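Novice: Need a 3D model of the sequence below.
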Amino acid sequence: MKIIRHPFHASIVPQEKSAAPDSLWHCVIRRDGSAEILARHDARKKEDAACVALLELARLQRSHRPERNRQAS
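Specialist: A predicted model of the protein is given here:
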């Protein structure tokens, strides 16, 4: 599962490829076009990982200011 909130995106994947009901889910957040991991979280359910991703993406978006806004300040 992927959640995109430009300029960031979150990938939500099971720890094991089998996606067994008891496996952990990883949430990895990166900036578009970058391999750098900005945040990483683990959750017991896919839905929990998605909620954490949305919260983290909102936090990152609030703190992100595009270059054109910085020049205007």
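Novice: which residues of this structure score low on pLDDT?
Specialist: The chain contains residues with pLDDT under 70 at 17-21, 65-73.
Novice: give me that answer again for 90
Specialist: By pLDDT under 90, the weakly predicted segments of the chain are 15-23, 63-73.
Novice: mind checking the longest helix of it?
Specialist: helix 46-63 (DSSP state H).
Novice: on contacts alone, who are the packing partners of that helix?
Specialist: If contacts are counted by 3 or more CB pairs under 8 Å, 6 or more residues apart in numbering; DSSP states H and E, helix 46-63 sits against strand 2-5, strand 8-14, strand 25-31, strand 37-43. C-beta: built from backbone N, CA, C; applies to glycine.
Novice: could you redo the ones you listed as CSV and give each row distance to Ala58 and mean neighbour count?
Specialist: Formatted as CSV, the helices and strands packed on helix 46-63 follow (distance: least, CB to CB, whole Å; neighbours: other CB atoms under 10 Å):
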stretch, distance to Ala58, mean neighbour count
strand 2-5, 8, 13
strand 8-14, 10, 18
strand 25-31, 11, 19
strand 37-43, 12, 14
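Novice: and of the ones you listed, who's closest to His64?
Specialist: Closest to His64 of the helices and strands packed on helix 46-63 is strand 8-14 (CB to CB; 7.6 Å).
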